[in-house]
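Novice: let's see this in three dimensions:
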Amino acid sequence: MSHKKSKAQLSVMVAVSAIALYSSSVSAEDMKFSASAIGRPPIFSNTFVDVGQAKGYWKKAGLDMNFRWFQRGTDTAKAVVTGDVQVGYTATPPAVNLIASGAPIVAIAGMPNQDWVIASNEAKDCKGLKGKTVAADGINNTRTLFLQSVLQTCGLQMSDVKMIDLANAPLVKAGIADQVHSAVWHIDELAQVEHKTGKKWNLIPVPKEIYAGLHYAVVIASKKAIQENREGVVRFLVGWIQTQKLMSSKKSEDQADFAKIAAEGSQIDLAVAKSAITDFQKLPYWVNDDGLNERQLMAQVDQLVKVGVMKPENKPSYDKIVDKSLYAEAAKRVANMK
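Specialist: Have a look, this model is predicted:
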């Protein structure tokens, strides 16, 4: 009996030792990992980087993170394709366009809901934009595709407006300096301009089906990175999931924490950050699932075909676009943290 008891005790000790060894090895390994993001300063959605680093989410997951910053989502995506980074945050249109063209990448998480608004201090509706100069972000980029979709709802084409290539921090500066009068904005960008100038802009009405038929952003990974370093990709998503959880939290202490981090990272006023978080959460901007809703994602693909950016014969299937297995594995790890 004592022999059986000692064996049982030994088994428990071995199991406990193994758990302790794993925990210490995760923190000791500090696996080097690279990702791309949009900034710097980051667009508001990309303050997940600041949140993750401030809260130590990736460090606790055993990653030594290195972020490479680009001003365009198209460039963050290209960095994944070329192997400069292992994962990257980008808008959905350039990601699915790359996949349609045969790029060896997949979407592993996402943010499905658009926050784009078209605002003007010289036009009051879609038709009023005719002949106006509108700031967006270049041909086939996300703001421009959104503008194109909206213009089509009132019988206008891109040729009916004069588009200038301006986005992110430079757009905000131009808006504050009264150098831009119509533009496609992120919620926080317009809020910062209105806060600094004390002037309200006209929000151009956008049909609800436009938002329902668009998917906003994805985290992509190269197939090579998944094959050679699946563990690193899963650990990245462990951190990602925790950032989205905090950013979507409506607890006052979490919102205050997030607003402080976002204001410092994005270099905007704290009051603007607090207000933007409330508006973003109404969408909802941050979701506590993989963010890869099939209906919404494929509706975005259909929209790209409709506006002529993607040829119908190149349209990729949902299974070709996503790999949901890595998020599922990371989500289990996060659930077991409690």
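Novice: any idea which element residue 245 lies in?
Specialist: Taking DSSP states H and E as the definition, residue 245 sits inside helix 223-248.
Novice: what's the answer for residue 69, then?
Specialist: Counting by DSSP H and E, residue 69 is part of strand 63-70.
Novice: which strands and helices sit next to that strand?
Specialist: Judged by 3 or more Cβ pairs under 8 Å, 6 or more residues apart in numbering; DSSP states H and E, strand 63-70 is in contact with strand 31-38, helix 48-55, helix 73-82, helix 223-248. Heads up, the C-betas are built off the backbone N, CA and C, glycines and all.
Novice: can you give me the buried ones in that strand?
Specialist: 63, 65, 67, 70 (16 or more other Cβ atoms under 10 Å).
Novice: now swap in stretch 262-271 and tell me
Specialist: 262-263, 265-266, 268.
Novice: same question, stretch 327-338
Specialist: Applying 16+ other Cβ under 10 Å to stretch 327-338 flags 327, 330-331, 334 as buried.
Novice: over to stretch 47-66?
Specialist: Those would be 47-55, 57-63, 65, for stretch 47-66 by 16+ other Cβ under 10 Å.
Novice: same question for stretch 31-42.
Specialist: Those would be 31, 33-42, for stretch 31-42 by 16+ other Cβ under 10 Å.
Novice: run the chain-centre distance for it.
Specialist: Here stretch 31-42 shows a centroid-to-chain-centroid distance of 12 Å under the convention Cα atoms, centre = their mean, to the nearest Å.
Novice: which residues touch that stretch?
Specialist: With Cβ atoms under 8 Å, 6 or more residues apart in numbering as the test, stretch 31-42 has contacts from 45-46, 49-50, 58, 62-73, 75-77, 79-80, 84-90, 168-169, 229, 231-232, 235-236, 265-267.
Novice: and stretch 124-139, by the same measure?
Specialist: With contacts defined as Cβ under 8 Å, 6+ apart, stretch 124-139 is touched by 72, 118, 120, 122-123, 143-144, 146-147, 150-151, 153-156, 160-167, 171, 174, 180-184, 202, 204-205.
Novice: restricted to helices, list those.
Specialist: 143-144, 146-147, 150-151, 153, 171, 174 (DSSP state H).
Novice: greatest separation within those: which pair is it?
Specialist: Farthest-apart pair in the ones in helices among the contacts of stretch 124-139 is 153 and 174; separation 26.2 Å (Cβ to Cβ).
Novice: between the two, which one's more packed in?
Specialist: Higher neighbour count among residue 153 and residue 174: residue 174, with 17 against 13, using other Cβ atoms under 10 Å.
Novice: ok, the more buried one touching residue 180?
Specialist: Yes: contact criterion Cβ atoms under 8 Å: residue 174 and residue 180 qualify, at 4.4 Å.
Novice: and for these two, which residues touch both?
Specialist: 135, 166.
Novice: which residue, other than its chain neighbours, is closest to residue 302?
Specialist: Leaving aside its sequence neighbours, residue 302 sits nearest to residue 213 (Cβ to Cβ, 6 or more residues apart in numbering; 7.4 Å).
Novice: next one: residue 158
Specialist: Spatial nearest neighbour of residue 158, excluding adjacent residues (Cβ to Cβ, 6+ apart): residue 148 at 5.5 Å.
Novice: burial of that neighbour, as a residue count?
Specialist: Using other Cβ under 10 Å: residue 148 sits among 22 other residues.
Novice: gap between it and residue 75?
Specialist: 21 Å (Cβ to Cβ, to the nearest Å).
Novice: list the contacts for residue 224?
Specialist: Contacts of residue 224 by Cβ under 8 Å, 6+ apart are 83, 104.
Novice: in its sheet, which strands sit next to the strand holding residue 69, and in what direction?
Specialist: When pairing is defined by DSSP bridges, strand 63-70 lines up against strand 31-38 (parallel).
Novice: distance of residue 128 relative to residue 152?
Specialist: For residue 128, the distance to residue 152 - Cβ to Cβ - is 16 Å.
Novice: scratch that, residue 70 is what I was asking about
Specialist: 29 Å.
Novice: same deal with residue 57?
Specialist: Distance of residue 57 to residue 152, given as Cβ to Cβ: 41 Å.
Novice: and for residue 177, the neighbour number?
Specialist: Applying other Cβ under 10 Å, I find that residue 177 has 11 neighbouring residues.
Novice: residue 205 versus that one, what's the distance?
Specialist: Going from residue 177 to residue 205 by Cβ to Cβ gives 27 Å.
Novice: do the same with residue 296
Specialist: Counting by Cβ to Cβ, the gap from residue 296 to residue 205 is 21 Å.
Novice: between these two, who's got more neighbours?
Specialist: Between residue 296 and residue 205, residue 296 has the larger neighbour count (other Cβ under 10 Å), namely 20 against 13.
Novice: export stretch 110-123 to PDB, keeping only CA atoms.
Specialist: Taking Å, rounded to 0.1, in the frame of the first residue of the first chain, the C-alpha atoms of stretch 110-123 are listed here in PDB:
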ATOM      1  CA  GLY A 110      -9.600  39.700 -37.900                       C
ATOM      2  CA  MET A 111     -11.600  42.800 -37.100                       C
ATOM      3  CA  PRO A 112     -14.800  42.500 -39.200                       C
ATOM      4  CA  ASN A 113     -16.500  45.900 -38.700                       C
ATOM      5  CA  GLN A 114     -15.600  49.000 -40.600                       C
ATOM      6  CA  ASP A 115     -15.400  52.400 -38.800                       C
ATOM      7  CA  TRP A 116     -14.900  54.600 -41.900                       C
ATOM      8  CA  VAL A 117     -16.800  57.800 -42.200                       C
ATOM      9  CA  ILE A 118     -16.900  60.300 -45.000                       C
ATOM     10  CA  ALA A 119     -17.000  63.800 -43.600                       C
ATOM     11  CA  SER A 120     -17.000  67.200 -45.300                       C
ATOM     12  CA  ASN A 121     -17.200  70.800 -44.400                       C
ATOM     13  CA  GLU A 122     -18.400  71.700 -47.900                       C
ATOM     14  CA  ALA A 123     -20.800  68.900 -48.800                       C
END
